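Student: Structure, please.
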Amino acid sequence: MTYHDAIDYLYHLRWFGAKFGLSSTFKLAELAGNPQGQLRFIHVAGTNGKGSTCAMLESVYRAAGLRVGLFTSPHLVAFGERIQVNRHSIPQREVASLTARLRQWIAQFPAAEHPTFFEAVTVMALLHFAAQECDLVVWETGLGGRLDATNIVTPLASVITNIQYDHQQWLGETLAGIASEKAGIIKPRVPVITGAEPPEALEVIAAKAREQNAPLTVVTPADRQRPPLDSLELPLRGRHQKANAAAALAAVRVLAPRIPVSDSTLCAGLGRVRWAGRLQLVTLPSGQRLLLDGAHNVGGAEMLASALEEYFPLAKPAMILGILRDKDWATICRVLAPLAGRILLAPVHSERTAEPHSLAAACRAANPGVPVTEFPSLAAALADAAQDGFVTIAGSLYLIGEAMELLHLCPAKAGRERQLNEWSAAQLVKG
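Tutor: This next block holds a predicted model:
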């Protein structure tokens, strides 16, 4: 199997949707020899900040000399971003080899239990991390937690970054309901760390921790102002990154008896963290500045709005927006549109895109004084914005990945690989 063949095979697994349930993943992992049994994990869930928190944890433990696996989703451009060891993406030859093995095991499943793309990639990651003899794996959930494929592991610690509204159609319409799904990663006697603030969400997490006899550490806003975070300048912009750093710091301290990390190493790791597409400021050779931020849900949009007001208080950027239709796009427009000098609406390169025409009315209502223009593609919007001194691109990580390709901000074009992020929710599996 070639790498191209592997990507084609994984692409067709998308049609099996985003199934909620662990039975197929457990079975596939068993056929693979249960590689998760050879590894240690920090399992990270939450509505926003999962990826940034994972990147921080990875950077700290790599600075401490550990060989660290990192599993995240979605990828921005290339599939290998999902599976990294010491921040090196899984080689294409390994993707091809592991996909060939997975295909043989998947062929043994009856049609009703056919593994999904995410289930297959989860087991692929476990196999790669075990083969690479990782000392620790920082392990991000996909969607939810309780019935997410990543929940087949028993970690050293569980982290729930925060609880906000997103994916309500699958995770629940209330913060308590969403928290219940996220809290499903809490395991018996495994420490749990959370930065969740809404009382109804925190109550659910605390109750689950008590039920599982899991020691609970609650990270509060005050923790962001305590040493070393009070004086440490993070490479990642935004006040919310201090919250993510506080959660990562708490997890490192909870695990210190098992994995010691000195204060100097901790600061070095946090000081070198990198995570693309999150308030990423880029200056092109032309001098044009671009701020790229996923801002893919209401909480993310509010964080972007806060960052624009903090870092660029006098700027009125040209704002390119592309949002998925299963998000609360009307509220995202209401939050972001007032900050723009002009608004350029583009479709996300996804079957789930909200049409620019749908966004236009919401943007005009939120900021009636600026021009709102619809474009047939992101490329067309970028071309129109080429003379603007400051451009913000936001609304979906899928949009950010496409922008990185179009702007040549990544090593090479990945072509079809961005389309691997596509999914549609299949029937919810209870249990």
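
Student: At which residues are the strands of the stretch 51-200 of the chain located?
Tutor: 68-71, 83-85, 88-89, 136-140, 157-160, 192-194 (DSSP state E, counting those that start in this stretch).

Student: ok, and which of these has the densest surroundings?
Tutor: Greatest average neighbour count among those goes to strand 157-160 (a mean of 30), per mean count of other C-beta atoms under 10 Å. Yep, even glycine has a C-beta here, placed from its N, CA and C like the rest.

Student: For that strand, output the C-alpha coordinates as PDB.
Tutor: Taking Å, rounded to 0.1, in the frame of the first residue of the first chain, the C-alpha atoms of strand 157-160 are listed here in PDB:
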ATOM      1  CA  ALA A 157      -4.500  12.100  34.600                       C
ATOM      2  CA  SER A 158      -7.600  13.500  33.000                       C
ATOM      3  CA  VAL A 159      -7.900  17.100  32.000                       C
ATOM      4  CA  ILE A 160     -11.100  18.900  31.200                       C
END
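
Student: Just give me how far it sits from the chain centre.
Tutor: When distances are taken as C-alpha atoms, centre = their mean, to the nearest Å, strand 157-160 is centred 15 Å away from the chain's centroid.

Student: Please apply the same query to stretch 258-267.
Tutor: That offset, for stretch 258-267, works out to 25 Å (C-alpha atoms, centre = their mean).

Student: what do you get for stretch 240-253?
Tutor: Centre to centre, stretch against its chain (C-alpha atoms, centre = their mean), the figure for stretch 240-253 is 16 Å.

Student: If you count neighbours, what's buried in stretch 148-157?
Tutor: For stretch 148-157, a neighbour-count test (16 or more other C-beta atoms under 10 Å) marks 148, 149, 150, 151, 152, 153, 155, 156, 157 as buried.

Student: Equivalent analysis for stretch 226-235, please.
Tutor: Residues of stretch 226-235 classed as buried by neighbour count (16+ other C-beta under 10 Å): 229, 234.

Student: With adjacent residues omitted, what lies nearest to residue 124?
Tutor: Counting by C-beta to C-beta, 6 or more residues apart in numbering, residue 124 lies nearest to residue 98, which is 4.8 Å off, once chain neighbours are set aside.

Student: what's near enough to touch residue 233?
Tutor: Contacts for residue 233 were tallied using C-beta atoms under 8 Å, 6 or more residues apart in numbering; they are residue 271.

Student: Relative to residue 242, how far out is it?
Tutor: 10 Å (C-beta to C-beta, to the nearest Å).

Student: Residue 109 contacts residue 115, correct?
Tutor: Yes: the pair residue 109 and residue 115 passes the contact test of C-beta atoms under 8 Å, sitting 6.3 Å apart.

Student: a markdown table for the strands of the stretch 51-200 of the chain, including distance to residue 411?
Tutor: Converted to a markdown table, the strands of the stretch 51-200 of the chain look like this (distance: least, C-beta to C-beta, whole Å):
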| stretch | distance to residue 411 |
| --- | --- |
| strand 68-71 | 18 |
| strand 83-85 | 14 |
| strand 88-89 | 10 |
| strand 136-140 | 23 |
| strand 157-160 | 30 |
| strand 192-194 | 34 |
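
Student: Dump the ones you listed into TSV; add mean pLDDT and distance to residue 123 as well.
Tutor: Shown next, in TSV, are the strands of the stretch 51-200 of the chain (pLDDT from 0 to 100; distance: least, C-beta to C-beta, whole Å):
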stretch	mean pLDDT	distance to residue 123
strand 68-71	98	11
strand 83-85	98	11
strand 88-89	98	18
strand 136-140	98	13
strand 157-160	98	20
strand 192-194	98	25
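
Student: quick one: which of those strands is nearest residue 315?
Tutor: Using C-beta to C-beta as the measure, strand 136-140 is the one of these that comes nearest residue 315, at 32.1 Å.

Student: what pairs with the closest one, and is each one parallel or antiparallel?
Tutor: strand 41-45 (parallel), strand 68-71 (parallel) (DSSP bridges).

Student: Keeping just the C-alphas, turn the last one into PDB.
Tutor: When you say that, I think you mean strand 68-71. Written as PDB, here are the backbone C-alpha positions of strand 68-71 (Å, rounded to 0.1, in the frame of the first residue of the first chain):
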ATOM      1  CA  VAL A  68       6.300  12.400  23.900                       C
ATOM      2  CA  GLY A  69       3.500  11.300  21.600                       C
ATOM      3  CA  LEU A  70       0.800  13.900  20.700                       C
ATOM      4  CA  PHE A  71      -2.600  12.900  19.300                       C
END
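
Student: Return the residues in contact with residue 418.
Tutor: So residue 418 contacts 75, 76, 77, 349, 398, 401, 402, 405 (C-beta under 8 Å, 6+ apart).

Student: Kindly provide the distance from it to residue 83.
Tutor: Distance from residue 418 to residue 83, by C-beta to C-beta: 16 Å.

Student: What count of nearby residues applies to the residue lying closest to residue 341 once chain neighbours are set aside?
Tutor: Distances taken as C-beta to C-beta, 6+ apart put residue 316 closest to residue 341, at 3.3 Å, once the chain neighbours are dropped. Neighbourhood size, residue 316 [other C-beta atoms under 10 Å]: 15.

Student: thought residue 192 was touching residue 202?
Tutor: No: checked against C-beta under 8 Å, the pair residue 192 and residue 202 is beyond contact range at 11.6 Å.

Student: follow-up on the earlier one: export the strands paired with strand 136-140 to JSON lines and tack on distance to residue 385?
Tutor: Output for these, formatted as JSON lines (distance: least, C-beta to C-beta, whole Å):
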{"stretch": "strand 41-45", "distance to residue 385": "35"}
{"stretch": "strand 68-71", "distance to residue 385": "33"}
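
Student: Quick one, which of those gets closest to residue 13.
Tutor: strand 68-71 (17.1 Å).

Student: Any idea how far the closest one is from the middle of the chain?
Tutor: 14 Å.

Student: What lies in contact with that strand?
Tutor: Contacts of strand 68-71 (C-beta under 8 Å, 6+ apart): 39, 54-55, 58, 61-62, 82-87, 122, 125, 128-129, 132, 134-140, 150.

Student: ok, now stretch 183-190?
Tutor: In contact with stretch 183-190 (C-beta under 8 Å, 6+ apart) are residues 43, 45, 141, 144-148, 150-151, 154-158, 160, 192, 204-205, 208-209, 212-215.
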